[in-house]
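S.K.: 3D model of this:
(chains A and B)
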2 protein chains.
Amino acid sequence: MSSPLPPKLGIIGGMGPHAGLLLADRVLASTRATTDQDHLSFVVISYSDRTPDRTAWLEDPSRPDPAPAILDAALTLAAAGVHHAGIACNTAHVPAIHTRVLAELEMRAPGLEMLHLVRETAAFASEAAPGARRIGILSTLGSYRAGLYATAIEAAGLTPVLPTEHTKHEVNRSIFDRGFGLKAFTGRVSAQALDLLVHATAELRAAGAEAVVLGCTELSLVHAEGLDVGLPAIDSTTALARALVRRAAPDRLLPLAS
Amino acid sequence: MSSPLPPKLGIIGGMGPHAGLLLADRVLASTRATTDQDHLSFVVISYSDRTPDRTAWLEDPSRPDPAPAILDAALTLAAAGVHHAGIACNTAHVPAIHTRVLAELEMRAPGLEMLHLVRETAAFASEAAPGARRIGILSTLGSYRAGLYATAIEAAGLTPVLPTEHTKHEVNRSIFDRGFGLKAFTGRVSAQALDLLVHATAELRAAGAEAVVLGCTELSLVHAEGLDVGLPAIDSTTALARALVRRAAPDRLLPLAS
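M.R.: The predicted structure is shown next:
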């Protein structure tokens, strides 16, 4: 206990709550450790019931705004002494939400570094799917409409491949449908949700995609269950987890499991 | 978003870190929900690297004391506005540790209710293993030596069944061994750890046990993987998760899965 401890990590979860826990679990899985004390300290804030849906607000800004709850969670992390944090929700990175959160944080908690899930995922593409140039994108409608991943993938020097308008809605249903969607997840991915995603990936592959971004943290739950969507996956949750460990304790980052 | 929200839940994890996340996951699995917003808000504090091992301190109080880090985590929860919290570590409930944490909390954060993992587990026995009177106990050496579960099971009007001294050490090894123990867990329970536990349970069954308390949160990881230890399990992590949901929002508590 005498050498200086690495800084604490923070996770803004709750969007949905399983996705936040999965990010924390991926932090553990990315850390070289054989005792409790080898693991990095972290705090998870999961304010599900007080964080309005991101896509719903982006589609209709007269609905409740998710930014204040995300900011509140970030300030709680800063007060707990967290130095590096990430938000386990891709749609929360759409600039209409994210830039307002960051602007407030810069004033009120300048010591808290927020890693950017979407940029980390775009940077992770070359590691997760070496050689792939044309990258398919699976995300919520809120993220599709904002061009969230299309912009980031292009900035990384790769070519984004997007589904048709109809299929974007089907991917969104696989996430949000109250009967079978991933948000209604109770320990299993439903056959209907998986079916919609496999069809979407087939379309992306036919359009030339060589890999696919799981650009919604709920989609990472599919990957976590070992389900195959039909293309090499660039998992946004894994990308952020590895970026967090690298930031706090680069010597403890495990090599990527093949 | 207009009806009053249930109070926030808190989890003191990190002992080990998987066990804290598993408790949070069980809270989700115990909650009736089909959208993010149906889930209760919670905060997980996982201070693994700054929380000394509980059993090591109980065995040798000249080693670093875990109580200050547990108290620090609890105060962080109180500052975040948490009302009901639990500690995802059975050994941390040994009075030599727990009563000092509670005494400080009573003075410094009187609004934070700490649920008692061990008492909740003893109360859960009749629900998890109906009709069982003789209850076997699997725990760390620190918990065995303090009589932690023996006392609680007796207080619940049931009869504790303890392993031999040799087997207590074997159960402890299944948790702590740096090669194959559950603390070195990287996503899989090792065959050696499972083997030690199955042997211990066989001994308890031969001594008349009709069910077994998984009285270390690392042992809940075995149960989470669907592994059978050979007797009906009274899982301390499930007991605490259900107690937390019941405390914050009793109408959302799902029936126990059979």
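
S.K.: Every contact and neighbour count from this point should use C-alpha atoms.
M.R.: Noted.

S.K.: is chain B contacted by stretch A:248-256?
M.R.: No: judged by Cα under 8 Å from any Cα of the partner chain, stretch A:248-256 makes no contact with chain B; its nearest approach is 11.4 Å.

S.K.: how about that stretch: buried residues?
M.R.: A:248, A:252-254 (16 or more other Cα atoms under 10 Å in any protein chain shown).

S.K.: Could you check how far it is from the centre of its chain?
M.R.: Relative to its chain's centre, stretch A:248-256 lies at 19 Å (Cα atoms, centre = their mean, to the nearest Å).

S.K.: re the thing from before, closest to chain B out of the buried residues of stretch A:248-256?
M.R.: Taking Cα to the nearest Cα as the measure, chain B sits nearest to residue A:254 out of the buried residues of stretch A:248-256, at 11.4 Å.

S.K.: Enumerate every residue touching the closest one.
M.R.: Each residue near residue A:254 by Cα atoms under 8 Å, 6 or more residues apart in numbering or on different chains is listed here: A:30-32.

S.K.: picking that back up, now render the buried residues of stretch A:248-256 as a markdown table, adding secondary structure and pLDDT.
M.R.: A markdown table is the format used below for the buried residues of stretch A:248-256 (DSSP: H, G, I helix; E, B strand; the rest coil; pLDDT from 0 to 100):
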| residue | secondary structure | pLDDT |
| --- | --- | --- |
| A:248 | helix | 97 |
| A:252 | helix | 96 |
| A:253 | strand | 97 |
| A:254 | coil | 96 |
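
S.K.: May I see those organised as CSV, with distance to residue B:129 added?
M.R.: Listed next are the buried residues of stretch A:248-256 as CSV, based on distance: Cα to Cα, whole Å:
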residue, distance to residue B:129
A:248, 44
A:252, 42
A:253, 42
A:254, 41
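
S.K.: Of all pairs in the residues you listed, which one is the farthest apart?
M.R.: Greatest spatial distance among the buried residues of stretch A:248-256 (Cα to Cα): A:248 and A:254, at 13.2 Å.

S.K.: Can you show me the strands along the stretch 151-258 of chain A?
M.R.: A:159-161, A:211-214, A:233-235 (DSSP state E, counting those that start in this stretch).

S.K.: Report the residue ranges of every domain in chain A.
M.R.: A:9-116+A:239-252, A:117-236 (automatic domain parsing).

S.K.: So the longest helix anywhere in chain A, near chain B or not?
M.R.: Determined from DSSP state H, the single longest helix within chain A is helix A:191-206. No: Helix A:191-206 lies out of reach of chain B by Cα under 8 Å from any Cα, never closer than 14.2 Å.

S.K.: Only the buried residues of that helix, if you could.
M.R.: Within helix A:191-206, the residues that qualify as buried are A:193-194, A:196-205, counting by 16+ other Cα under 10 Å.

S.K.: what do you get for stretch A:51-63?
M.R.: Residues A:51-58 are the ones in stretch A:51-63 that count as buried (16+ other Cα under 10 Å).

S.K.: mind listing what residue A:88 touches?
M.R.: A:11-15, A:19-20, A:23, A:117, A:217, A:237.

S.K.: returning to what we had before: any idea which of the domains of chain A has the lowest pLDDT on average?
M.R.: For these, mean pLDDT drops lowest on domain A:117-236, to a mean of 93.

S.K.: Mind listing the residues bridging to residue A:234?
M.R.: As for beta bridges, residue A:234 partners with residue A:213 under DSSP bridges.

S.K.: shouldn't it be in contact with residue A:217?
M.R.: No: using Cα atoms under 8 Å, residue A:234 is not in contact with residue A:217, being 11.5 Å away.

S.K.: So which of the two has more stuff around it?
M.R.: Per other Cα atoms under 10 Å in any protein chain shown, whichever of residue A:234 and residue A:217 has more neighbours is residue A:217, with 30 against 26.

S.K.: Any chance of the domains of chain A in CSV with distance to residue B:143 as columns?
M.R.: Shown next, in CSV, are the domains of chain A (distance: least, Cα to Cα, whole Å):
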stretch, distance to residue B:143
domain A:9-116+A:239-252, 18
domain A:117-236, 31
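
S.K.: which stretch among those domains comes nearest residue B:71?
M.R.: domain A:9-116+A:239-252 (13.2 Å).

S.K.: Any idea how far apart the tips of the closest one sit?
M.R.: Taking Cα to Cα, to the nearest Å, domain A:9-116+A:239-252 runs 14 Å from one end to the other.

S.K.: buried stuff in stretch A:155-162?
M.R.: Buried residues in stretch A:155-162, counting neighbours by 16+ other Cα under 10 Å, are found at A:158-162.

S.K.: Flag every residue of the stretch 1-150 of chain A that's near chain B.
M.R.: The stretch 1-150 of chain A comes close to chain B at residues A:1, A:5, A:14-18, A:21, A:24-25, A:28-29, A:33-53, A:76, A:80, as judged by Cα under 8 Å from any Cα.

S.K.: 7 Å instead?
M.R.: A:14-17, A:21, A:29, A:33-50, A:76, A:80 (Cα under 7 Å from any Cα of the partner chain).

S.K.: Tell me which entries of the residues you listed lie within strands.
M.R.: A:42-46 (DSSP state E).

S.K.: so can I have JSON lines of these showing neighbour count?
M.R.: Shown next, in JSON lines, are these (neighbours: other Cα atoms under 10 Å in any protein chain shown):
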{"residue": "A:42", "neighbour count": "28"}
{"residue": "A:43", "neighbour count": "29"}
{"residue": "A:44", "neighbour count": "27"}
{"residue": "A:45", "neighbour count": "27"}
{"residue": "A:46", "neighbour count": "31"}
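
S.K.: if we can go back for a sec, now, the most widely separated pair of the contacts of residue A:88?
M.R.: So, the contacts of residue A:88 by Cα to Cα: farthest apart are A:14 and A:117, at 15.2 Å.

S.K.: ok, now which ones touch residue A:215?
M.R.: A:90, A:137-139, A:236 (Cα atoms under 7 Å, 6 or more residues apart in numbering or on different chains).

S.K.: Which residues belonging to the host helix or strand of residue A:71 are considered buried?
M.R.: Assigned by DSSP states H and E, residue A:71 belongs to helix A:67-79. By neighbour count on 16+ other Cα under 10 Å, the buried set for helix A:67-79 is A:67-78.

S.K.: doesn't residue A:213 make contact with residue A:137?
M.R.: Yes: using Cα atoms under 7 Å as the test, residue A:137 is close enough to residue A:213 to be in contact (5.0 Å).

S.K.: so residue A:84 sits right up against residue A:6, yeah?
M.R.: No: if you go by Cα under 7 Å, residue A:84 and residue A:6 don't touch, sitting 10.7 Å apart.

S.K.: Among the buried residues of stretch A:155-162, which one lies nearest to residue A:242?
M.R.: residue A:158 (20.9 Å).

S.K.: List the neighbours of stretch A:120-130 that are in contact with it.
M.R.: So stretch A:120-130 is contacted by A:152-153, A:156, A:211, A:232, A:234, A:236, A:239-240, A:243 (Cα under 7 Å, 6+ apart).

S.K.: Ok, stretch A:225-236 next?
M.R.: Contacts to stretch A:225-236, defined as Cα under 7 Å, 6+ apart, come from residues A:117, A:121, A:125, A:128-129, A:197-198, A:201-202, A:210-215, A:217, A:220.

S.K.: ok, residue A:246 to residue A:68 distance?
M.R.: With Cα to Cα as the criterion, residue A:246 and residue A:68 are 29 Å apart.

S.K.: Nice, that's everything, thank you.
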